[in-house]
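Novice: Here's my sequence, what's the structure:
(2 chains)
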Amino acid sequence: MTDQTLKTHSEDTAMLHEPGATGGAAPWFAVFKRELALYFRSPIAYGIGFAVFMILGVLFNAYLASANGQATADQIPSMPGLITFLMFLIAPLITMRLLAEESREGTLEVLMTLPMNESQFIVGKFLAAWAYYTVLILLSLIYHIILSSIGIPDQGIAFGTYLGAWLYGGAVLAIALIWSAITEDQIVAAFLGAGTILVLYLAEAAAEVFARTNSALGDFVRELGLRSHYEATMAVGIIRAEDVLYFLLVIVGALFITTRIVETRRWRA
Amino acid sequence: MIEVQNLTKRYGEVTAVNGVSFIAKPGQVTGFLGPNGAGKTTTMRMLTGFMPPTEGKATVAGFDVFDQSLEVRRRVGYLPENVPLYRDMSARGYLMYIGEIRGVKKLRERADEVLERVGLIDRADSRIRTLSKGMRQRVGLAQALIHNPPVLILDEPTIGLDPFQVLELRSLVRELGRDHTLLFSTHILSEAEQVCDNLIIINQGKIVAQGAPAQLRESLASGGRILMRLDKEPFAALDTVRAVAGVAEAAVEGDALVITPTSANVDPRPALASAVIAKGWKLTELRPLAVNLEEIFLEVTRREQSIALKAEMEAAQTSAQEKAAK
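Specialist: Below you'll find the predicted structure:
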């Protein structure tokens, strides 16, 4: 390269970009966009979508056939509710790659030397996972549309069910993301994520055992679990502020923990 | 401008970087030279804000690396060792991703400009996984340049390249050094000598020597050890050489003799030459041992090691004496 080109280069870049100047969108948005695009380019996203809708399709068909046109509004199967059950498997598959891959490949080192906080990076990643999940939930609206065309489903219950499933998914994804930050191994992250979510899902069963000896402890464990904030309330159309708050707090708390883990990993690296 | 004062990094018991101080000036290439595991990467990671120092202070472009990390990161372009990249992205896509996080304006034009500069514009749309090692290295370099930073930190940028690519990259580094503060690390001595204006030799976490390559060569060569070659079996000449005035010690290394003078300001070379000629032997080589960086480096690191060894032995001795006293 000649001196001439070098000179023009420095001149116009000096105009173009003052060091320290910021323009365009926030850093988290760049991370979000890349990750979301990656979901729709990767086979795993389509694999998950295929598996979920195959299961839902079969069950939906079976319900419709067994109801034989006689079901009342509260007997109609809740497809988003089924998704929330399946989430103990789906969520870790969605999130396992997000942070584990970055630290294994070493790309985290470049990202952590960019003018971006860990929290922005992690929020971008999480929102991409949640957005992918949102697409799954929106696609499952097809069952509601089918129901509406052949009967009169309760719109209030449907709204509560879908909103709840959406929040539930966010919380569970945030929990699964913690494990992706802890281990560099995606498979390990997925298994531990599935285990954690299952424990929180089954907290209600444990709560019953505790309640026999200590009712306060039983209540506490039940409220910690995921199901008591969804199945008994939102899934039957009751939208309570405390349940919405529960899911939002789980999201914020899990993201905070993830941020801290990435920070300490970097400090010890 | 990079100013480093007494920078230290400890991992539990292990001290990776121990009280390092130096200044890297704008418009210069500052080389960080040392064997693998000397603490080069750790120092660079502290300077880029990737990890905090345990002790000491460092400012990059006038900002403290710990307290004003984000300001530092805005002004530094960093190419880590092993060049981590997203293999599924195109070269241009990757640059635009990094540029977007950095808030670079007119991003697409800037990405193409940088790709042009590293000579990769014709492969801009290729997936990174399909690029050769040398091309990936250049993508990594382009990433470090995307926001036109005043400070560039490149960690072993020539590692794993073929000789032709190494030459290309070195000339690029030299060229970039003219309008940046450029800190670059290597364990290849000839490279450091060719590329750097200022050289810092680091070993076991400590700076053992620093200065311009020519200056280093001079200061370390004088008063250093002497290498002598004869047309004769070196062992046979050992006694004769040891008897020469000003010679403290002589040893055989390969087919040559290595002579240590009694003190740094004694030059026994004339006396050595006359002694050899008096014996009727032919002298084929007689020079200070440390004439190129390779030898300076070995000298300096060896000296450090022998000092450390001595200290260790002394410590062991005193502790043994203490035990005996008890």
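Novice: how many other residues sit next to residue A:165?
Specialist: Residue neighbour count, defined by other CB atoms under 10 Å in any protein chain shown, stands at 25 for residue A:165. C-beta here means a position set from N, CA and C on the backbone, and glycine is covered the same way.
Novice: so it makes contact with residue A:86?
Specialist: No - in this structure residue A:165 lies outside contact range of residue A:86 using CB atoms under 8 Å: 10.6 Å.
Novice: So what's the gap between stretch A:168-181 and the chain middle?
Specialist: Computed by CA atoms, centre = their mean, to the nearest Å, the chain-centroid distance of stretch A:168-181 equals 6 Å.
Novice: mind listing what's buried in that stretch?
Specialist: Judged by neighbour count using 16 or more other CB atoms under 10 Å in any protein chain shown, the buried positions of stretch A:168-181 are A:168-181.
Novice: now these in TSV, with secondary structure, distance to residue A:243 and pLDDT?
Specialist: What follows is the buried residues of stretch A:168-181, written out as TSV (DSSP: H, G, I helix; E, B strand; the rest coil; distance: CB to CB, whole Å; pLDDT from 0 to 100):
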residue	secondary structure	distance to residue A:243	pLDDT
A:168	helix	9	94
A:169	helix	14	95
A:170	helix	13	96
A:171	helix	11	96
A:172	helix	14	96
A:173	helix	17	97
A:174	helix	16	97
A:175	helix	16	96
A:176	helix	20	96
A:177	helix	21	97
A:178	helix	22	96
A:179	helix	25	96
A:180	helix	26	95
A:181	helix	27	95
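Novice: Most widely separated two among these?
Specialist: By the measure CB to CB, A:168 and A:181 form the most distant pair in those, at 21.2 Å.
Novice: if you skip the residues just before and after it, what's nearest to residue A:198?
Specialist: residue A:88 (4.8 Å; CB to CB, 6 or more residues apart in numbering or on different chains).
Novice: After the helix or strand hosting residue A:158, which helix or strand is next? Please name it.
Specialist: Per DSSP states H and E, residue A:158 falls inside helix A:155-182. As assigned by DSSP H and E, the chain's next helix or strand after helix A:155-182 is helix A:186-201.
Novice: Okay, angle between that following helix and helix A:155-182 too, please.
Specialist: Angle, helix A:186-201 to helix A:155-182, by axes from the mean of the first three to the mean of the last three CA atoms, to 10 degrees: 140 degrees.
Novice: number of nearby residues for the closest residue to chain A within the stretch 101-250 of chain B?
Specialist: When scored by CB to the nearest CB, the stretch 101-250 of chain B has residue B:103 as its residue closest to chain A, at 3.6 Å. By other CB under 10 Å, 22 other residues sit near residue B:103.
Novice: Can I take it that residue B:251 is in a strand?
Specialist: Yes - under DSSP: H, G, I helix; E, B strand; the rest coil, residue B:251 sits within a strand.
Novice: I'd say it and residue B:257 touch.
Specialist: Yes - Residue B:251 is within contact range of residue B:257, at 7.2 Å (criterion: CB under 8 Å).
Novice: The two: which has the busier surroundings?
Specialist: A side-by-side neighbour count of residue B:251 and residue B:257, using other CB under 10 Å, places residue B:257 first with 23 against 14.
Novice: mind checking which helix or strand the more buried one is in?
Specialist: Assigned by DSSP H and E, residue B:257 belongs to strand B:256-261.
Novice: So which other helices or strands are in contact with that strand?
Specialist: With contacts defined as 3 or more CB pairs under 8 Å, 6 or more residues apart in numbering or on different chains; DSSP states H and E, the packing partners of strand B:256-261 are strand B:226-230, helix B:234-242, strand B:247-253.
Novice: hmm, who's touching the very next helix or strand once past it?
Specialist: Downstream of strand B:256-261, the first helix or strand assigned by DSSP H and E is helix B:269-278. The contact list for helix B:269-278, computed with CB atoms under 8 Å, 6 or more residues apart in numbering or on different chains, reads B:226, B:228, B:230, B:237, B:240-241, B:243-247, B:259, B:283, B:286.
Novice: Take the helices and strands packed on strand B:256-261 and lay them out in CSV including mean pLDDT and distance to chain A.
Specialist: Shown next, in CSV, are those (pLDDT from 0 to 100; distance: least, CB to the nearest CB, whole Å):
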stretch, mean pLDDT, distance to chain A
strand B:226-230, 85, 41
helix B:234-242, 83, 49
strand B:247-253, 82, 41
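Novice: Could you export these to a markdown table, including columns for distance to residue A:239?
Specialist: Below are these laid out as a markdown table (distance: least, CB to CB, whole Å):
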| stretch | distance to residue A:239 |
| --- | --- |
| strand B:226-230 | 87 |
| helix B:234-242 | 93 |
| strand B:247-253 | 84 |
